[in-house]
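1. Provide a 3D model corresponding to the input given below.
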Amino acid sequence: MPAAGRKRAPVRLPSLAQPLPLPKIVERRLRSVTARALRVAWTGGILSFLCAAAGLLLLQTGADWLLNLSWTARLGLLAGDTLLAAWLLWRHGITPWRQRLTLEEAALRAEARWPDWSSSLISAVQLAKNPEGARPLVEAMLRNVAKRAKTTDFSAAIDDSHLRRLKIAALLPLLVAGAVGWWCMPRSLVLLERLALSNIPLPTDTVAVPISGDLAIAPGNTIELSAKAVGVLPRTGRVEITYPGRPTQAITVTAKPATPSIYSLDIPNVQQALTYRFDLNDGRTPEFNVTLLYGPVLESVVFEQSPPAYSELPRTQGTAANLSLLAGSKLHIAGRASQPLKSAWVELRGAGRPVVMQIGPDGKSLSTEFSVLKKELEGFSIVLENRQGMLSQDNTFYHVDVVPDKAPEATFASNQPEKATFVATAQPRLQFEVQDDFQVTQVFLCCETVESGVGAAEPTDPSKIKRVAMQVAQPSGRLIFDYEVRNPAALLPWKEGNTLNYWIEAVDNNDVTGPGIGKSAVHQWQVVSLETKKQELAEKLLKHAESIEDLSRTQQEIRDSVGALIKMEDAH
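-> Numbering: from 1, shown residues only. From the prediction side, this is the model:
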């Protein structure tokens, strides 16, 4: 026993014997077995593919001819064909290659075919890889196997008798498909194009060409379904209409007199989605859909009024039931729709063009602002258009009451005579009041020379009007004037013998729809001579005196009547 702590020496194993080369003739013969097995498998796969392709071609073109398969259905068939071809490639192409015979498996196949080899062939393959026993004996065995292999074709170990049955099975549908295709030319070419997902119509005596196609409409609209017949024109056609959950109904249609090749059907007041197709002789259109699109709805809306700046009124929110706006105000509208919008606008009634609204980033919010200037505006409605081009229906009409800015009012004082006479040296005095709903900024004394004897009346010739600006210390909604016309001869056609009609004009601060100009009643001045004025005063004094004498006489008569009544009472 070795001492403790001493390392053990490694155990030396005997080296394996070096492999012997397998005779080339034996290797070639065995590899021919592997090659033949692959050829048989691949040939069987090709024959299976041809058989399946011919059969599927007949079945699918026949189904398309009878049923006028849709593009989607033909796409499904093509996908199925592709999957089948892929499976055949895997089953008869890739799998045999991955599982091809090794030399040992080929040797076993050959020995199963020729039992007289008595395991010598498989033994030769195995011993060549790992010689065991006496090397000279192994070499002698290999020479003996090589000698026998020269006279034996090992590839015959692979049976290919089943390929004959496959050839017949593939040849029959190929011949049938070729004969049918030649007999149906050129229709068969069209069917092949359709199987390749072409959208050409079926090759019929009458080709039904759709016109109306898929439709998207608003509920309640009338639709016209139409198709055109090319080739043989039938006397009547048929439209198959299907509503969801209801059986298909067939409706007979005739051609239009003006266009004998076009067949159409009108369906009024459509309230439900449907599908339809045309049958014209042996031609049939694909199936089309009629879908209902519901227009957008204004879910909420807010109105905000901005009065003109001159009014100094605050910005306020209005209600849909009461939109009373001062002329010149701006109306801001903000709302939200039920669907994403393509556009929106405000349709004005009574005055103005439509006002385009801005669409928000979310596609549903909308807003705009416009000025309300004309009193002819009766109101407006908001029209929405969604991204499919559908317009909103039964839009609410919002009534607008446009309140015009009133012109200022100028009123003479009660003691201001309608007619008055003055001498040329006099300075007439004016007492009047001016009022406005906002502010008066300018006041004018206006005069017009008229012929003597003409009464106070509205001016007739604007070019003869003389305007004298009166000082307005501070614009206000109410101004009271006690104004003396100093040096009238310098301001007015103030000279003896002239008759002047005069009035007051007041201008407000409306710089949007105005300014508003108000006028007082027309009064009259006469510039007379001193003698005429004295005579007028004398006549007035005489009239006053006569009035006083008449009053005194009346008072005396009253006293006498009262005294007589008292005496009569005393007598009783």
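
2. just checking, what packs against the helix or strand in which residue 33 is found?
-> For residue 33, the host element (DSSP states H and E) is helix 24-67. Secondary-structure packing of helix 24-67 (3 or more Cβ pairs under 8 Å, 6 or more residues apart in numbering; DSSP states H and E): helix 71-89, helix 95-98, helix 103-113, helix 120-129, helix 135-149, helix 162-183, helix 187-195. Where C-beta positions appear, they are placed from N, C-alpha and C, glycine not excepted.

3. what does the average pLDDT come to for that helix?
-> Helix 24-67 shows a mean pLDDT of 84.

4. Reformat the helices and strands packed on helix 24-67 as a markdown table; add distance to residue 234 and mean neighbour count.
-> Below are the helices and strands packed on helix 24-67 laid out as a markdown table (distance: least, Cβ to Cβ, whole Å; neighbours: other Cβ atoms under 10 Å):
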| stretch | distance to residue 234 | mean neighbour count |
| --- | --- | --- |
| helix 71-89 | 25 | 13 |
| helix 95-98 | 55 | 12 |
| helix 103-113 | 68 | 20 |
| helix 120-129 | 77 | 19 |
| helix 135-149 | 77 | 15 |
| helix 162-183 | 26 | 14 |
| helix 187-195 | 19 | 17 |
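
5. Following the chain onward from the helix or strand hosting residue 305, which element is next?
-> Assigned by DSSP H and E, residue 305 belongs to strand 298-306. Next in sequence after strand 298-306, counting helices and strands by DSSP H and E, comes strand 316-318.

6. Run a quick neighbour tally on residue 29.
-> Other residues within reach of residue 29, judged by other Cβ atoms under 10 Å, total 23.

7. Endpoints of stretch 199-207, how far apart?
-> 13 Å (Cα to Cα, to the nearest Å).

8. pLDDT of that stretch, averaged?
-> The pLDDT scores in stretch 199-207 average 77.

9. tell me which residues of that stretch are tucked away?
-> For stretch 199-207, a neighbour-count test (16 or more other Cβ atoms under 10 Å) marks 201-204, 206-207 as buried.

10. Show me these that map onto strands.
-> Secondary structure from DSSP state E places 206-207 of the buried residues of stretch 199-207 in strands.

11. Domain ranges for the chain, per the record?
-> Split into domains by automatic domain parsing, the chain comes to 24-180, 206-292, 298-403, 409-528, 542-572.

12. out of the helices and strands packed on helix 24-67, nearest to residue 453?
-> Nearest of the helices and strands packed on helix 24-67 to residue 453, taken as Cβ to Cβ: helix 71-89 at 100.0 Å.

13. For residue 318, see how far away residue 366 is.
-> Distance, residue 366 to residue 318, by Cβ to Cβ, to the nearest Å: 18 Å.

14. Figure out which of the domains of the chain is closest to residue 197.
-> domain 24-180 (5.9 Å).

15. circling back to that earlier point, now the helices and strands packed on helix 24-67 in TSV, with distance to residue 531 and mean pLDDT?
-> Compiled in TSV, the helices and strands packed on helix 24-67 are given as follows (distance: least, Cβ to Cβ, whole Å; pLDDT from 0 to 100):
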stretch	distance to residue 531	mean pLDDT
helix 71-89	115	87
helix 95-98	144	88
helix 103-113	159	81
helix 120-129	165	78
helix 135-149	171	77
helix 162-183	134	81
helix 187-195	121	78
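
16. out of those, which comes closest to residue 362?
-> Closest to residue 362 of those is helix 71-89 (Cβ to Cβ; 34.9 Å).

17. Can you name every helix or strand that that closest one contacts?
-> Looks like helix 71-89 contacts helix 24-67, helix 187-195 (3+ Cβ pairs under 8 Å, 6+ apart).

18. want to throw these into CSV with distance to residue 122?
-> Shown next, in CSV, are these (distance: least, Cβ to Cβ, whole Å):
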stretch, distance to residue 122
helix 24-67, 10
helix 187-195, 52
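
19. Just tell me which of the ones you listed ends up closest to residue 290.
-> With Cβ to Cβ, the closest approach to residue 290 among the helices and strands packed on helix 71-89 belongs to helix 24-67: 22.0 Å.

20. Tell me what angle the closest one forms with helix 162-183.
-> Inter-element angle recorded for helix 24-67 and helix 162-183: 30 degrees (by axes from the mean of the first three to the mean of the last three Cα atoms, to 10 degrees).

21. got the domains of the chain as JSON lines, with distance to residue 18 columns?
-> Below are the domains of the chain laid out as JSON lines (distance: least, Cβ to Cβ, whole Å):
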{"stretch": "domain 24-180", "distance to residue 18": "8"}
{"stretch": "domain 206-292", "distance to residue 18": "76"}
{"stretch": "domain 298-403", "distance to residue 18": "82"}
{"stretch": "domain 409-528", "distance to residue 18": "115"}
{"stretch": "domain 542-572", "distance to residue 18": "169"}
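
22. Distance to residue 541 added to the buried residues of stretch 199-207, as JSON lines?
-> Conversion of the buried residues of stretch 199-207 to JSON lines gives the following (distance: Cβ to Cβ, whole Å):
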{"residue": "201", "distance to residue 541": "118"}
{"residue": "202", "distance to residue 541": "122"}
{"residue": "203", "distance to residue 541": "125"}
{"residue": "204", "distance to residue 541": "122"}
{"residue": "206", "distance to residue 541": "119"}
{"residue": "207", "distance to residue 541": "118"}
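
23. For residue 366, see how far away the residue nearest the centre of the chain is.
-> Computing the C-alpha centroid of the chain and ranking residues by Cα atoms, centre = their mean puts residue 387 first, at 1.5 Å. Residue 387 is 14 Å from residue 366, where distance means Cβ to Cβ.

24. Overlap in contacts, these two.
-> residue 341 (Cβ atoms under 8 Å, 6 or more residues apart in numbering).

25. thinking again about what came up before, to residue 188, which of the domains of the chain lies closest?
-> domain 24-180 (7.1 Å).

26. And the closest one, end to end?
-> Domain 24-180 has an end-to-end distance of 53 Å (criterion: Cα to Cα).

27. still on that earlier bit, buried stuff in the strand holding residue 305?
-> In terms of neighbour count (16+ other Cβ under 10 Å), strand 298-306 has its buried residues at 298, 303, 305-306.

28. For residue 366 and residue 318, indicate the residue with more neighbours.
-> Between residue 366 and residue 318, counting by other Cβ under 10 Å, residue 366 is the more crowded of the two (23 against 18).

29. pretty sure the more buried one contacts residue 355?
-> No. Here residue 366 lies out of contact with residue 355, judged by Cβ atoms under 8 Å, at a distance of 11.4 Å.

30. Parallel or antiparallel, list what pairs with the longest strand belonging to the chain.
-> The longest strand of the chain (DSSP E) is strand 429-450. Applying DSSP bridges, strand 429-450 is found paired with strand 409-412 (antiparallel), strand 466-470 (antiparallel), strand 476-484 (antiparallel), strand 499-508 (antiparallel).

31. By mean pLDDT, show me the worst of the domains of the chain.
-> Confidence, taken as mean pLDDT, is least for domain 542-572 of the domains of the chain (a mean of 68).

32. Could you pull up the residues touching residue 176?
-> 54, 58.

33. if we go to 7 Å?
-> For residue 176, the contacting residues are residue 58, taking Cβ atoms under 7 Å, 6 or more residues apart in numbering as the criterion.

34. now it: how far from residue 408?
-> In terms of Cβ to Cβ, residue 176 sits 105 Å off from residue 408.

35. and what of residue 258?
-> 69 Å.

36. Between the two, tell me which one has more neighbours.
-> residue 408 (30 against 6).

37. Next one, pLDDT for the more buried one please.
-> 94.

38. For residue 474, see how far away it is.
-> For residue 408 relative to residue 474 (Cβ to Cβ), the value is 15 Å.

39. same check, this time on residue 107
-> Applying Cβ to Cβ, the value for residue 107 to residue 474 is 127 Å.

40. ditto for residue 540
-> To residue 474, residue 540 is 40 Å away according to Cβ to Cβ.

41. One more: residue 65?
-> With Cβ to Cβ as the criterion, residue 65 and residue 474 are 98 Å apart.

42. Nothing else from me, thank you.
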